[in-house]
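Engineer: give me the fold of what follows.
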Amino acid sequence: MKKEINFYSENCKISGELFIPDTYQEGTQLPAIILCHGFAGIKELLLPAYAEYFSQNGFIALTFDYRGFGDSEGDRGLLIPAEQIIDIRNAITFIESLLEIDLQKIALWGTSFGGANAISTAAVDNRVKCIVAQITFGNGERMITGSLSAEEKNKLEATLKKDWQRKVTKNKALYLNADQILTDEESKTFYQDASEKFPKLKVKLPLSTIRHNLEYKPENALAAVFVPLLIIGAENDTVCPVSESHFLFEKAGEPKELYIIKNAKHYDLYEGENFKLSSQKALNWFQKHLK
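Structural biologist: Numbering: from 1, shown residues only. The predicted structure follows:
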């Protein structure tokens, strides 16, 4: 059973969908999983299959659009990790308001950029009892500039600095399409195809998005994460290289597990056999640590 819901995050109306098991009996309380989507994503894209799978197996699942994206209010396309973390925390507070929820059994599942957000949220919010972070990253600077030459890095830094100054002195920002900010061909192709199916995905992002991503280092938050963490990686990932999953795992505390899906690329995890592997592994982790 799925129903549309809304809650508020810093005065922005947030749009979401709640997935409740068809077998739910009134008066009982179930564990909850909040799903966090990837870079510039929307709740209708990729997440429903996971949410339905979790709900079919006894969990209440929540998907939602961050402020500025999809059906949620807020400055369109403004992607600031710290604000998205606040949105996740307010999603937790919304979940806590529901009589159907066991308040001691709230988990986060995040994919790609959402995995980084899930880790960062758990570091500051002790209501999170369990995490699954798949095909994500630990260090934005390493992700963005790791393959750039010194000249390319200097050029990027100068461009971002000029844009920042323009915003501060003239209140004007440069906006780009998401596929102009995405650097790998795999993501560009995926975004272009998905935008045809989900027009709400099309949004312009400020150039400052790159700066915020460069500064985003969720691996540093792991020192403050004390709940079970499952990291799922894809062996042939060109978006979030599998090395990022290894970096995160090395820095994470116990209990933790690293699960690498062989011969899979980033977007392979969302369909077919790789979806079965990733969703089943996540479900097993939640069942072990929440039920």
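Engineer: only C-alpha atoms from now on, for both contacts and neighbour counts.
Structural biologist: Will do.
Engineer: what is the least confident helix or strand in this structure?
Structural biologist: Lowest mean confidence among the helices and strands of the chain (mean pLDDT, DSSP states H and E): helix 178-181, at a mean of 81.
Engineer: give the contact list for the closest residue in space to residue 252 that isn't next to it in sequence.
Structural biologist: Closest residue in space to residue 252, ignoring its immediate chain neighbours: residue 222 at 5.6 Å, by CA to CA, 6 or more residues apart in numbering. Residues counted as contacts of residue 222 (CA atoms under 8 Å, 6 or more residues apart in numbering) are 119, 120, 123, 248, 251, 252, 253.
Engineer: go on, residue 31?
Structural biologist: If a contact means CA under 8 Å, 6+ apart, then residue 31 has 58, 59, 60, 101, 102, 103, 104, 105, 106, 107, 290, 291 as its contacts.
Engineer: from those residues, which would you call buried?
Structural biologist: When those are checked for burial by 16 or more other CA atoms under 10 Å, the buried set is 58, 59, 60, 101, 102, 103, 105, 106, 107, 290.
Engineer: state the pLDDT value of the last one.
Structural biologist: At residue 290 the predicted local confidence, pLDDT, stands at 91.
Engineer: again with the fifth one
Structural biologist: In the predicted model, residue 102 carries a pLDDT score of 97.
Engineer: wasn't it part of a strand?
Structural biologist: Yes. Residue 102 forms part of a strand when assessed by DSSP: H, G, I helix; E, B strand; the rest coil.
Engineer: quickly list what residue 130 is bridged to.
Structural biologist: Beta-bridge partners recorded for residue 130 (DSSP bridges): residue 107.
Engineer: which one (most neighbours) among the contacts of residue 222?
Structural biologist: Counting neighbours by other CA atoms under 10 Å, the top entry in those is residue 119, with 32 neighbours.
Engineer: which parts of this structure are helices?
Structural biologist: All helices of the chain, identified by DSSP state H, fall at 47-56, 81-96, 113-124, 140-145, 150-170, 178-181, 185-197, 208-214, 242-251, 272-290.
Engineer: the longest one: which residues count as buried?
Structural biologist: Right, helix 150-170. The neighbour-count check on helix 150-170 (16+ other CA under 10 Å) flags 156, 160, 163, 164 as buried.
Engineer: quick check, the last one in contact with residue 208.
Structural biologist: To tie it back to what came earlier, the one meant is residue 164. Yes. Counting by CA atoms under 8 Å, residue 164 does reach residue 208; the two are 7.1 Å apart.
Engineer: about what we covered before: and the two most separated of the buried ones among the contacts of residue 31?
Structural biologist: Farthest pair in those (CA to CA) is 58 and 103. Separation: 15.2 Å.
Engineer: quick check, pLDDT for residue 143.
Structural biologist: Looking at residue 143, its pLDDT reads 88.
Engineer: kindly apply the preceding question to residue 274 instead.
Structural biologist: As predicted, residue 274 sits at a pLDDT of 98.
Engineer: highest mean neighbour count out of the helices of the chain?
Structural biologist: Across the helices of the chain, averaging neighbours per residue (mean count of other CA atoms under 10 Å) puts helix 113-124 on top, at a mean of 26.
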